[in-house]
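Novice: Give me coordinates for this.
(one chain, ligands or ions: 1)
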Amino acid sequence: SRVRVMELEESPEISYAQIGGLADEIKEVREAVEYPLTRPEIFQRIGVEPPKGILLFGAPGTGKTLIAKAVAHEAKATFIRMSGSELVHKFIGEGAGLVRELFQLARERAPAIVFIDEIDAVGSMRTNDGTSGSAEVQRTLMQLLAEMDGFDNRGDVRIMAATNRADMLDPALLRPGRFDRLIEIPVPDKDARLQILKIHSRRMQLGNVDMDTIVSMTENATGAELEAICREAGMMAVRREAEKVEMVDFTDAARKVKNEAVADNRMYT
Ligand code: ATP
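Specialist: Numbers count the residues shown, from 1 in each chain. Just a heads-up that it's a prediction; the model follows:
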C-alpha cells in the first residue's frame, strides 16, 4: 500500500527548461529549496535560516509538481511525493503512520525533497464535516505538524506542498516553522503560453503553424491544457495521415480541449 501512496524518484528527469513561464516563481523556489541543499554554507555564513516548508498554491495543472520535480533534479535530490487526498481517502487508519514513514524515508534517502500534493485534504479548516474520517484526518495532520516541528531546516531534507485552495488551509499549517513560505503559481500569461506550446511541440514536425494565433485562442488555459492541445493536435495529424502537424490540427485541438474544460467547469473558457 505504501508504494502507491508514496512515489519515489531519484533526481527526476525534469529540468527548468521544460517549464514555460514562471521565471520569478522558479527563482523563489530555488532560493528557498535548492540553495539550502546545494550551498548550505551561504546560509550559515550570512546567519539566516532557510524557510522550513514551501507551499505552492494555484489552479490545477499550472506546474506545481513540475517545479518541485525540477528542483529535485537540479539539487540531485530524491523526490518523494505523497498525495494528501490519497492519504486520507484511500488509506483510512494509516494516515499518521504513513506520514511518519514519509519523513523517515526522506531522512534515509537524503538529500531529499518531500512533496505533499493536495495538502488541503489533510489540513483543511473544514475537515470537521461530520464524516467518520475527520478524527482520522485530524490525527494525520497532528503527525505532520509534529514531524515538521521536529525538523531541522538546515538539514538535507526540504519540505514542499501544493494546494489549489490556500484559503482553505488550517492556519496551524502556516505558522512560522511550518509552511512559512507561500509561492503563488499563476495561470500562464501570453508569453508563458507561447513558451509552453513550444515546449510541448518541440519534437513534432510542424507545418505552417502560427503559434501566436493559438496563444490568443487559449486565454485562461493552464499548462496542462496547453500540453493537451499539443498532444491532441499531433493525434489529429496522425489521423489525417499527414506528414506534419498543421494549423488546422492546432485550432481543432484547441477547440476540443476548451469544450472539455467547459464541460468540466474549469476556468479555461
Ligand atoms: P495539480 O494541482 O493538478 O497537481 P500541478 O500544478 O501540480 O497540478 P503539474 O502536474 O505540474 O500541475 O502539470 C501537469 C502537466 O501539465 C505537466 O506534467 C506538464 O506537462 C504540463 N504543464 C503544466 N504547467 C506547465 C508549465 N508551466 N510549463 C510546461 N508544462 C506545464
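
Novice: mind listing what's buried in stretch 45-59?
Specialist: Neighbour counts over stretch 45-59 (16 or more other CB atoms under 10 Å) mark P50, P51, K52, G53, I54, L55, L56, F57, G58, A59 as buried. (Each C-beta comes from the backbone N, C-alpha and C, glycine too.)

Novice: ugh, wrong one, stretch 25-45
Specialist: Using 16+ other CB under 10 Å as the test for burial, stretch 25-45 gives E25, I26, E28, V29, R30, A32, V33, E34, P36, L37.

Novice: just those now: which is nearest F115?
Specialist: Lowest distance from F115 to the buried residues of stretch 25-45 (CB to CB) belongs to V33, with 10.1 Å.

Novice: Make sure that closest one is indeed in a strand.
Specialist: No. Going by DSSP: H, G, I helix; E, B strand; the rest coil, the assignment for V33 is helix, not a strand.

Novice: isn't it right next to V157, touching?
Specialist: No. The pair formed by V33 and V157 falls short of the contact definition of CB atoms under 8 Å, at 10.7 Å.

Novice: list the residues that contact both of the two?
Specialist: Common neighbours of V33 and V157, using CB atoms under 8 Å, 6 or more residues apart in numbering, are I113.

Novice: Around the ligand, which positions in the stretch 101-250 of the chain sit nearby?
Specialist: Residues of the stretch 101-250 of the chain lying close to the ligand by CB under 6 Å from any ligand atom are D117, A162, N164, I196, I199, G223, A224, E227.

Novice: What's the local residue count around the fourth one?
Specialist: To tie it back to what came earlier, the one meant is I196. Using other CB atoms under 10 Å, I196 is surrounded by 28 other residues.

Novice: which residue ranges form the helices in this structure?
Specialist: In the chain, the helices defined using DSSP state H lie at 2-5, 23-29, 35-38, 40-46, 64-74, 84-89, 95-108, 134-149, 190-201, 211-217, 223-239, 247-263.

Novice: F151 versus L182, what's the distance?
Specialist: L182 sits 18 Å away from F151, going by CB to CB, to the nearest Å.

Novice: what do you get for V29?
Specialist: Look at V29 and F151: by CB to CB, they are 19 Å apart.

Novice: And for L174?
Specialist: From L174 to F151 the distance is 16 Å (CB to CB).

Novice: just T222 next, same as before
Specialist: With the distance defined as CB to CB, T222 ends up 32 Å from F151.

Novice: re earlier: for ChimeraX, write the selection for the buried entries among the residues of the stretch 101-250 of the chain next to the ligand.
Specialist: Of those, the buried ones can be selected in ChimeraX as follows, counting by 16+ other CB under 10 Å:
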select :117,162,196,199,223,224,227
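
Novice: Run through the bridge partners of T78.
Specialist: Counting by DSSP bridges, T78 is bridged to E10, A112.

Novice: neighbours around it, how many?
Specialist: Neighbours of T78 using other CB under 10 Å come to 21.

Novice: does it really touch E108, like I thought?
Specialist: No. Counting by CB under 8 Å, T78 sits too far from E108 to count as a contact (9.2 Å).

Novice: The closest residue to the ligand within the stretch 101-250 of the chain and I19, how far apart?
Specialist: Residue of the stretch 101-250 of the chain nearest the ligand, by CB to the nearest ligand atom: G223 (2.1 Å). In this view, G223 and I19 are 8 Å apart by CB to CB.

Novice: Over to I46?
Specialist: For I46, the distance to I19 - CB to CB - is 28 Å.

Novice: My guess is the residue of the stretch 101-250 of the chain closest to the ligand contacts G61. True?
Specialist: Yes. G223 is within contact range of G61, at 5.9 Å (criterion: CB under 8 Å).

Novice: Next, format the helices of the chain as CSV and append mean pLDDT.
Specialist: As requested, those are arranged in CSV below (pLDDT from 0 to 100):
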stretch, mean pLDDT
helix 2-5, 58
helix 23-29, 97
helix 35-38, 94
helix 40-46, 91
helix 64-74, 96
helix 84-89, 85
helix 95-108, 93
helix 134-149, 90
helix 190-201, 98
helix 211-217, 96
helix 223-239, 97
helix 247-263, 94
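
Novice: that older thread, ok, T222 and F151, which is more surrounded?
Specialist: Neighbours per residue (other CB under 10 Å) separate T222 from F151, with T222 holding more: 25 against 20.
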